[in-house]
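> Take this sequence and fold it.
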Amino acid sequence: MSAKVPSRTTVGVVLAFVGALFIGYVGVSYLLAPQSMAPNFGLPSWPHGEGAGFLAVKGVRDLASGLVILAVLMTGNRRVLGWVMLAAALTPIGDMFIVLLSGGDPATAFGVHGATAAAVVLAGGLLLSGSRTGSPRPVA
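Down below sits the predicted model:
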């Protein structure tokens, strides 16, 4: 008896779901304990005092990102979810470049933000390659 290999779409859905939960958790963590989370971002310094409100902005951004992915996931439209995942990959790509261009830790830039971007792109690609828009039409 051989085990059934999950489809590309199934793997993409699982990656999207886990990613949505993870980024939502990060967002909530930035809202509840911003000063303990900020050093993990990879920047050489982070806002303190009145400027620490920017950490809450990151928290809201990350929480909203997770909720958007979950909302699209709930619709059952895997193709749209694939496109949303590809668009969402811009956030960790941007974060990676922000860390690198700000003199932050390259290991965190690539290991955290770059790896996250790769996982999000992989999920989007799997969802798009595994879903169909309809039956093929004959060429006249």
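
> which residues sit against the longest helix seen in the chain?
If you go by DSSP state H, the chain has its longest helix at helix 8-32. The contact list for helix 8-32 (CB atoms under 8 Å, 6 or more residues apart in numbering) reads 6, 36-38, 55-56, 58-67, 69-70, 73, 78, 81-82, 85, 116, 119-120, 122-127, 129-131. For glycine as for every other residue, the C-beta is placed from the backbone atoms N, C-alpha and C.

> Mind checking which of those are buried?
Among the contacts of helix 8-32, the ones that count as buried by 16 or more other CB atoms under 10 Å are 37-38, 55, 58-59, 62-63, 65-66, 69, 73, 78, 81-82, 85, 116, 119-120, 122-127, 130-131.

> Show me those residues that map onto strands.
Using DSSP state E, no member of the buried ones among the contacts of helix 8-32 falls in strands.

> Show only the entries of those residues found in helices.
Reading helices off the buried ones among the contacts of helix 8-32 with DSSP H, I get 37, 55, 58-59, 62-63, 65-66, 69, 73, 78, 81-82, 85, 116, 119-120, 122-127, 130.

> Show me what the worst-scoring helix or strand of the chain on mean pLDDT is packed up against.
Ranked by mean pLDDT, DSSP states H and E, the weakest helix or strand in the chain is helix 34-37, scoring a mean of 89. Secondary-structure packing of helix 34-37 (3 or more CB pairs under 8 Å, 6 or more residues apart in numbering; DSSP states H and E): helix 8-32, helix 53-75.

> TSV for those, including distance to F97?
Converted to TSV, the helices and strands packed on helix 34-37 look like this (distance: least, CB to CB, whole Å):
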stretch	distance to F97
helix 8-32	18
helix 53-75	15
